[in-house]
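Trainee: got a sequence here, can you model it:
(one chain, ligands or ions: 3)
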Amino acid sequence: MARIAVVLFNLGGPDSPEAVRPFLFNLFNDPAIIEGPSLTRWVLARLISWRRAPIAREIYGHLGGRSPLLEQTEGQARALEKALSERGHDARCLIAMRYWKPLTREAVKAAKAWNPDQVVLLPLYPQFSGTTSGSSLNQWTVEAEKAGLTAQTHTVCCYATEVGLITALAERTLGGLEQVRESTVGLPAPRVLFSAHGLPRKVVDAGDPYQSHVEATVNAVVAAMAVEGLDYQVCYQSRVGPLEWIGPSTEDEIAKAGREGRPLVVVPVAFVSEHSETLVELDIEYGELAEERGVPKYVRVPTVREHPAFIGGLAGLVERAMRSDGRPCSHLNRRVCEGRWGRCLHLSSRKAEAQSRGGDTK
Ligand SMILES: C=CC1=C(C)c2cc3[nH]c(cc4nc(cc5[nH]c(cc1n2)c(C)c5CCC(=O)O)C(CCC(=O)O)=C4C)c(C)c3C=C
Ligand SMILES: [Fe+2]
Ligand SMILES: [Fe+2]
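Mentor: Ligands and ions are numbered 1, 2, ... in the order given. Predicted coordinates:
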């Protein structure tokens, strides 16, 4: 039986208060986050991470000084291995974090040691952005080449409307809506805020498909929920730095709901596990804001984590990626396949690349 290494990519988070500054340095020193000459970026990253560290330490202080992201991702890795084994595969799921341990280099080393026949790269970001999936996938390519990892490699670049993800999100949202409705009888109808991590506007203007992918996810979830007259809004959280970010901001939408006396159901649509952005920003900071602004009820829906439909969906994506050699890209936004990122990442494989170059694929 073919041995498959599935590499799960995520952002990573500090594992101690001392790790906060170097984690932030790694993030701001990434050319996918801050463009420009490497020396300028290095200086800026030193400066910004030094300035941001006290705020970030306070954020992670609410979580015992560390991010729970790795434990959550490990749970998802074990669940996906089980789902793939039940489908008859010999798969091992490895984790590659972009900015903190286990870093991509370590994941490449672990993959090489296991000696797989096939490698499937699977970002735990349903919506593609050059700042997240693009950065992680590029890093993998660099490290794998350095380490001489030559196994056939397939890439899942995004899955914004994958049916398992949508089923899990719709179920979680319906649960939140029910909870709010039960406790707000006689009040105005609740509003659902689909909240995603934001991006600087100039990144989207340069062709990054993230925002259109987020909208595609929300449209699919709303259709799957099939609630007549559902009142909902897409919005963006987690702004950092002086640039203009895409909107509307989740904070403004909370304030608006307060003015209108609307109960709120808040759904994280771009995160698939719990970490500082959900447990601190959505639950604590925005929970307090909702109270201050007079929102009558505020319920935050849990992320999809190990929901069977979501994990089953990931297993299907792995299988499809391995079967997809040479098929044309069905990316949601072809610009990303042909534009800035140079080549199609969507369910592509080394074999497909070789074919497109007219090379020998045997
Ligand atoms: C969809 C996912 C994410 C996108 C897009 C994204 C872009 C992005 N993020 C920053 C800056 C920070 N992000 C931070 C934390 C963080 N970001 C994501 C996801 C996306 N980021 C996650 C899952 C996390 C949580 C990590 C954890 O807690 O384990 C942080 C650190 C926390 C803080 O200081 O607020 C920063 C900084 C930028 C600049 C950016 C796009 C340009
Ligand atoms: Fe972020
Ligand atoms: Fe593509």
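Trainee: how many other residues sit next to whichever residue of the stretch 51-200 of the chain sits closest to ligand 3?
Mentor: Ligand 3 sits closest to residue 157 of the stretch 51-200 of the chain, with a gap of 5.7 Å, by Cβ to the ion. From N, CA and C alone the C-beta is placed, and that goes for glycine too. Using other Cβ atoms under 10 Å, residue 157 is surrounded by 25 other residues.
Trainee: where's it, which helix or strand?
Mentor: Using DSSP states H and E, residue 157 maps to neither a helix nor a strand.
Trainee: now for the residue of the chain most remote from its centre: which residues touch it?
Mentor: Most distant from the centre of the chain: residue 186, at 37.1 Å, with distances by Cα atoms, centre = their mean. Under the criterion of Cβ atoms under 8 Å, 6 or more residues apart in numbering, residue 186 has no neighbours.
Trainee: so how far is the helix or strand containing residue 105 off the chain centroid?
Mentor: Here residue 105, judged by DSSP H and E, is contained in helix 104-114. Distance of helix 104-114 from its chain centroid, counting by Cα atoms, centre = their mean, to the nearest Å, is 22 Å.
Trainee: burial measure for residue 113, as a count.
Mentor: Applying other Cβ under 10 Å, we find 8 residues neighbouring residue 113.
Trainee: whoops, I mixed them up, residue 176
Mentor: That count, for residue 176 with other Cβ under 10 Å as the rule, works out to 20.
Trainee: shift numbering so it begins at 19
Mentor: That works, and once the first residue is 19, the last one we named lands at residue 194.
Trainee: flag every residue of the chain that's near ligand 1.
Mentor: Proximity of the chain to ligand 1, by Cβ under 6 Å from any ligand atom, involves residues 29, 31, 42, 45, 51, 70, 74, 77, 85, 87, 143, 147, 149-150, 215, 217-218, 228, 258, 288-289, 293-295.
Trainee: SS state for residue 214?
Mentor: strand (DSSP: H, G, I helix; E, B strand; the rest coil).
Trainee: what ranges does the stretch 219-368 of the chain have for its strands?
Mentor: Secondary structure of the stretch 219-368 of the chain (DSSP state E, counting those that start in this stretch): strands at 250-255, 282-286, 316-318, 366-367.
Trainee: nearest to residue 133, of those strands?
Mentor: Among the strands of the stretch 219-368 of the chain, strand 366-367 comes nearest to residue 133, with 18.7 Å by Cβ to Cβ.
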